[in-house]
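In: here is my input, please return the structure:
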Amino acid sequence: MTEFFPIVTPSGEVVGKASRQDCHNGSHILHPVVHLHVFSSRGELYLQRRALHKGLLPGYWDTAVGGHVSYGETIMQALAREVQEEIGITDYVPVHLETYRYDSSRESEMVHVYKAIYDGPFFWNDGEVMDGRFWSKEELRDAMEKGILTPNLEMELQRFGII
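Out: Purely as a prediction, here's the structure:
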């Protein structure tokens, strides 16, 4: 079954739809994604470890929640779905941090970034997460530029002053 993403303008206006494959083949079709940074009440950051079967960056540590917005979904609907799928929680309060454009060699994303405070428990429901834990700022700093964290996560850690 083909999965479709909304095509958006730099201002976020939906102007069409494209398949996952078309968005990820180097075409740089701009499409929205959501990220949620989950902090403990002690200020540690929860990260998920990407499953080894993932096509992109398998085994890397990444944002607690990250996923694509499906065509016809709102940003908040996508965030709620991804949070439930990836870490299995529903009782959190998302706070919007920023929306920015991220370009890689294979895609262009409009990233909607949120944060929340939540101490657990977490449940990995969709098979895309193989591990998860809270990291201290010192552990995050030590992991930078060592091929442990996804490049996008490293950029966000610096961009939002998390480390």
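In: what strand or helix carries the residue positioned nearest the centre of the chain?
Out: The centroid of the chain falls nearest to Gly66 when counting by Cα atoms, centre = their mean (2.0 Å). Assessed by DSSP states H and E, Gly66 sits inside strand 65-68.
In: residue boundaries of the strands in this protein?
Out: Ranges of strands within the chain are 4-8, 14-19, 30-39, 45-50, 61-63, 65-68, 95-103, 108-117, 129-135, based on DSSP state E.
In: re the thing from before, need the contact list for the residue lying closest to the residue nearest to the centre of the chain once chain neighbours are set aside.
Out: Spatial nearest neighbour of Gly66, excluding adjacent residues (Cβ to Cβ, 6 or more residues apart in numbering): His35 at 4.8 Å. In short, each C-beta sits where N, CA and C put it, glycine included. Residues in contact with His35, defined by Cβ atoms under 8 Å, 6 or more residues apart in numbering, are 63, 65-66, 111-114, 156.
In: and if you look at His112?
Out: Residues in contact with His112 (Cβ under 8 Å, 6+ apart) are 32-35, 69, 75, 79, 96, 99.
In: report the separation between the nearest residue to Lys115 once chain neighbours are set aside and Gly55.
Out: Once flanking residues are discounted, Lys115 sits nearest to His37: 4.5 Å by Cβ to Cβ, 6+ apart. Distance, His37 to Gly55, using Cβ to Cβ, to the nearest Å: 23 Å.
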